[in-house]
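Peer 1: need coordinates for the following:
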Amino acid sequence: MDWGKIKRVRRYAYLLILVNIALGYLLFKRSEGRKISATTVEDRTNAHIVARRGVKLRVGPDAGSGSIATIADKERVTVVGDSLTNGWMEVVYQDQQGWVWGDYVEVE
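Peer 2: Numbering: from 1, shown residues only. Reported below is the predicted structural model:
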């Protein structure tokens, strides 16, 4: 038996476990969403959701991002900024900031 090889494999497995734990923690923390402070309210636009089945509020501007909340049809949101990012709009819903596909947001 090659004990040196066994020790190297064991160290490598331990390192992989630590990396997985760290990544899991980071992904969990990101999925909680960002709270909005009262000082960042300028340059916002009122809007509402137009999606019969509702729409996911996501952490980032892509469908693979974690979901923060589900926003029902006709719920009011606040649009942050004034442009789309690859078709996504950054919005605030119930004090959480995230991204919604722009086709589902109707600006008032």
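Peer 1: hmm, which helix or strand of the protein has the shakiest average pLDDT?
Peer 2: strand 34-35 (a mean of 48; mean pLDDT, DSSP states H and E).
Peer 1: following the chain onward from that strand, which element is next?
Peer 2: As assigned by DSSP states H and E, the chain's next helix or strand after strand 34-35 is strand 44-49.
Peer 1: how far does stretch 49-69 sit from the chain's center?
Peer 2: On the basis of C-alpha atoms, centre = their mean, to the nearest Å, stretch 49-69 sits 8 Å off its chain's mean C-alpha point.
Peer 1: all numbers from here: first residue = 9
Peer 2: Sure, I'll start numbering at 9, so the last one becomes stretch 57-77.
Peer 1: buried stuff in it?
Peer 2: 57, 59, 63-67, 69, 73, 76-77 (16 or more other C-beta atoms under 10 Å). Heads up, the C-betas are built off the backbone N, CA and C, glycines and all.
Peer 1: so where is the protein shaky, pLDDT-wise?
Peer 2: The model of the chain has pLDDT under 70 over residues 33-51, 90.
Peer 1: who's in contact with stretch 101-112?
Peer 2: 41-44, 57-59, 63-70, 73, 76-77, 79, 83, 85-86, 88, 92-93, 95-99 (C-beta atoms under 8 Å, 6 or more residues apart in numbering).
Peer 1: out of these, which sit inside strands?
Peer 2: Using DSSP state E, 42-43, 57, 63-66, 76-77, 79, 85-86, 88, 96-99 are the members of the contacts of stretch 101-112 that sit in strands.
Peer 1: what's near enough to touch N28?
Peer 2: Neighbours of N28 in contact, by C-beta under 8 Å, 6+ apart: none.
Peer 1: alright, calling it a day.
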